[in-house]
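Student: output the structure for:
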Amino acid sequence: MPGEGGEKTEKASPKKRQDERKKGNVFMSKDIVTVATVAISFFTLQYFVGSFVGKLEENYRMQTQRAAELATLGPGDVMQLFREFCGVFASTILPVMLVIMLAGIVVSGAQTRFLFSHEQIKFKMSRLNPLSGIKKLFSIRSLVELVKSMLKIILLTWLLYGRIRDAMARLPLMIDWDIYQAAVYTGEQIMGLIISVIIAFSAVASADYLYQWWEYEKGIKMTKQEVKDEYKQMEGNPEIKSARRQKQREFATQRMMSQVKDSDVIVRNPTHYAVALKYELEVDPAPIVLAKGKDLIALKIVDEAEKHGVATIENKPLAKGLYELSQIDGVIPDEFYQPVAELLAWLYSTREKETRKQ
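Tutor: The predicted model follows:
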């Protein structure tokens, strides 16, 4: 049946999700990573750009002045100037690059919970299959990626057009500006454009995030048969569990029967109930139930008691009450203290009289 076997209609179970995670199949939106990394990079550069420019200007002036003071510029001098430039570069650009790399790692790890799976880097012959590549070209995912790319191009073109149009409107005024004013204005336009691009692409990335989540959840859905098979695997086959429980009951019954010989008395309701009691005055706080049973088990308890010479007393209400309210290897309930005490007292008295007669 389609709904029973082949159609994936059930949400993925926790075990299924864990298995997919071990394979490296986790949910992640690459657009979110890209946009977040670009945004963090931009704002980091914007924050440190003043410091960068200052250090570069200072280094440029120092190297120019030193070069002017030298009579001749030898290879050693050139190497010294180059090392100084590398030092400035390392103290300005490298920290920013590290921040950008760390941002990409954190954003990716936030989605995948920092998963690293060897399954994704293993060599698989199926990846070399040209038919698989052709199928991917015409898949829904490829269509979505194409739509996203076209949307990004349209947004970027529209934003660039808007900025250029505004700049063209100011062009007559820029004729009277000096280089510094023009540079400041150009920088402001570039910054504004980048912020607009980040905002627009963030909207696209948010839509992509929702789509990727929907596609991932759809991809890991399970059929009803898979759910049943997994349940059997985790909980055990119902038939095997039933057989195991039967074995446990048989073992418990055998153990219970082995204790009947140690009891002091069997309280029975001729054939329906039987309860084996034991009481050691110096050891037990109250009489202990060593065995109890109903119908066939009750008859077995009585037979076992007779084999070992254990006294059997018929008391219908007491036998039924002890069977229903007591637990094996537990003391009898409080409400039965008085009748059981009277029963045991009569039993001990009878035994004492028989002993005297002998």
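Student: now the helices for the stretch 51-200 of the chain?
Tutor: In the stretch 51-200 of the chain, the helices defined using DSSP state H, counting those that start in this stretch lie at 75-112, 130-137, 140-174, 179-219.
Student: where in this structure is pLDDT low?
Tutor: The model of the chain has pLDDT under 70 over residues 1-6, 70-71, 73, 77, 116-139, 141, 234-238, 240, 357-358.
Student: give me the domain ranges for it.
Tutor: For the chain, automatic domain parsing gives the domain ranges 12-229, 258-357.
Student: ok so, going back, switch the helices of the stretch 51-200 of the chain over to a markdown table; also include distance to residue 67 and mean neighbour count.
Tutor: Bear in mind the C-beta positions are built from the backbone N, C-alpha and C, glycine included. Output for the helices of the stretch 51-200 of the chain, formatted as a markdown table (distance: least, Cβ to Cβ, whole Å; neighbours: other Cβ atoms under 10 Å):
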| stretch | distance to residue 67 | mean neighbour count |
| --- | --- | --- |
| helix 75-112 | 7 | 13 |
| helix 130-137 | 57 | 10 |
| helix 140-174 | 35 | 12 |
| helix 179-219 | 25 | 14 |
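Student: closest to residue 16 out of those helices?
Tutor: Nearest to residue 16, of all the helices of the stretch 51-200 of the chain, is helix 179-219, at 11.0 Å by Cβ to Cβ.
Student: what packs against that closest one?
Tutor: Contacts defined by 3 or more Cβ pairs under 8 Å, 6 or more residues apart in numbering; DSSP states H and E place helix 179-219 against helix 30-69, helix 140-174.
Student: what's the closest of the ones you listed to residue 278?
Tutor: Closest among those, using Cβ to Cβ: helix 30-69, at 71.1 Å.
Student: between the closest one and helix 75-112, how many degrees?
Tutor: Angle, helix 30-69 to helix 75-112, by axes from the mean of the first three to the mean of the last three Cα atoms, to 10 degrees: 170 degrees.
Student: packing partners for helix 30-69?
Tutor: Packing partners of helix 30-69 (3+ Cβ pairs under 8 Å, 6+ apart): helix 75-112, helix 179-219.
Student: quick one: closest of the ones you listed to residue 284.
Tutor: Across these, residue 284 has its closest neighbour in helix 179-219 (60.3 Å, Cβ to Cβ).
Student: and the helices and strands packed on helix 179-219 as JSON lines, adding distance to residue 297?
Tutor: Shown next, in JSON lines, are the helices and strands packed on helix 179-219 (distance: least, Cβ to Cβ, whole Å):
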{"stretch": "helix 30-69", "distance to residue 297": "66"}
{"stretch": "helix 140-174", "distance to residue 297": "64"}
